[in-house]
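A.B. asks: this is a predicted model, with the sequence first.
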Amino acid sequence: MSEQNITRLNLYDKEFVLIGTAHVSKKSAEQVKAVIEFEQPDSVCIELDEQRYQSVLDGNKWREMDIFKVIKEKKATLLLMNLLISSFQKRMAKQFGIKPGQEMIQGIESAKEVGAELVLADRNIQITFARIWHGIGLSGRAKLLMQIVYSVFNKEEISEEELEKLKSQDMLHTMLDEMTQSFPKLKVPLIDERDQYLAQKIKDAPGKKIVAVLGAAHVPGIKEEIKKDHNLEQLSKRPPKSKAPKIIAWAIPLLILGIIGYSFWANPEVGVNLTMSWMIWNALFAGIGAAIAFGHPLTILSAILIAPFSSLYPLLAAGWVAGLVEAYFRRPKVADFENLSTDVYNIKGFWSNKVTRILLIVVLTNLGSTLGTIIGGADVVRIFFQNIFGV
């Protein structure tokens, strides 16, 4: 049996066999099967968390998704990001005629075949995203989203040889490689912390012989981190939410309302002009956002009508309202959920599938409303100083 991509460690009276894989490689899946059958381990650790494990087990779970609940719980952006990332992986897997994450699926199946205990060794992906999101700031978030979108819709195909080279990288890390260079802090939650989490879970796995199926980018770090003790509870904490965004979210509406209110008192004509400017800019950009996502005419109208008011009330977002209206008039059918895994391969699919279109409407309408708030707010301040103070 080839020892390529296999690392063996003997620590704590246990033998650890680490298999470094590429997440869309047929050879990796074959190697996982061969190693587990040969080693007959007590435990098999796989680089999945409970959420992704359930997704692997139930490929039809999309059918059960309540799109109204997703919007109301403010999870539309997170779900859209997950779909974008999974589409990148699925597109590469389709190119080579295998299932994405086939080596993890093989690890699950082989563990059952040899009677080994299955250990879900990775950290919850939502916590990883939360810690990434917290650490890169507003400009970093914008660049991150751009990088993900570019990676998804880049049509360039790769060769089998290039794919094998990906065994030196984590799938998520592959997509965000440029970001890790621009934002070194991104590497900490994406790779380093997960190395520590995975190492501790592998070390704690029951039995004397443990096989771990890992993205190969994690193997070097795990080799070092497994020699140390790590606090899983600490690594699983969500970062504290900053109070600054909430303060700003309420301060801007209060400032705008204060300016408009004072203008009506000092000069009603100016007050009317300020109100019109605020409403036009907010309505315009929110409507454009909904239109770019090909929203229903009433969806676009709802975005236009609600944006000037939702921008003054941070607990409400124009995108949520527009998304709910779109879901009401164009409720996704079973076929939309069934086709979701293939429709996310390309831009056309994202816009034509009713599920992803609703998510796009929520995100793009909110982006448009935010832009309208910035431009409209600046215009209100400009008109105010020009007409009230003559500046």
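C.D. replies: Alright, I've got the coordinates. Numbers count the residues shown, from 1 in each chain.

A.B. asks: Arg194 versus Val188, what's the distance?
C.D. replies: For Val188, the distance to Arg194 equals 10 Å [CB to CB, to the nearest Å]. In this view, the C-beta of every residue, glycine as well, is placed from N, C-alpha and C.

A.B. asks: so which of those two has more stuff around it?
C.D. replies: Arg194 (29 against 14; other CB atoms under 10 Å).

A.B. asks: count of residues packed around the nearest residue in space to Ile226 that is not next to it in sequence?
C.D. replies: Nearest residue to Ile226 in three dimensions, chain neighbours excluded: Ala199, at 4.2 Å (CB to CB, 6 or more residues apart in numbering). The local packing of Ala199 (other CB under 10 Å) involves 25 other residues.

A.B. asks: what about stretch 129-149, average pLDDT?
C.D. replies: Averaging pLDDT along stretch 129-149 yields 68.

A.B. asks: the residue nearest to Ile226 contacts Ile222, correct?
C.D. replies: Yes. Ala199 sits in contact with Ile222 when judged by CB atoms under 8 Å, with a separation of 4.6 Å.

A.B. asks: quick one: average confidence on stretch 111-120?
C.D. replies: On average, the pLDDT along stretch 111-120 is 92.

A.B. asks: same deal with stretch 8-21?
C.D. replies: 90.

A.B. asks: now swap in stretch 195-205 and tell me
C.D. replies: When pLDDT is averaged along stretch 195-205, the result is 93.

A.B. asks: got it, and stretch 359-374?
C.D. replies: 90.

A.B. asks: got the CA positions of that stretch in CSV?
C.D. replies: Extracted in CSV, the C-alpha atoms of stretch 359-374 (Å, rounded to 0.1, in the frame of the first residue of the first chain):
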residue,chain,number,x,y,z
LEU,A,359,-31.6,34.9,-1.3
LEU,A,360,-30.2,37.2,-3.9
ILE,A,361,-33.1,39.5,-3.5
VAL,A,362,-32.6,39.7,0.2
VAL,A,363,-28.8,40.4,-0.1
LEU,A,364,-28.9,42.8,-3.1
THR,A,365,-31.9,44.8,-1.8
ASN,A,366,-30.1,45.2,1.5
LEU,A,367,-26.9,46.3,-0.2
GLY,A,368,-28.9,48.7,-2.4
SER,A,369,-30.7,50.1,0.7
THR,A,370,-27.3,50.5,2.5
LEU,A,371,-25.9,52.4,-0.5
GLY,A,372,-29.1,54.5,-0.7
THR,A,373,-28.7,55.3,3.0
ILE,A,374,-25.1,56.5,2.6
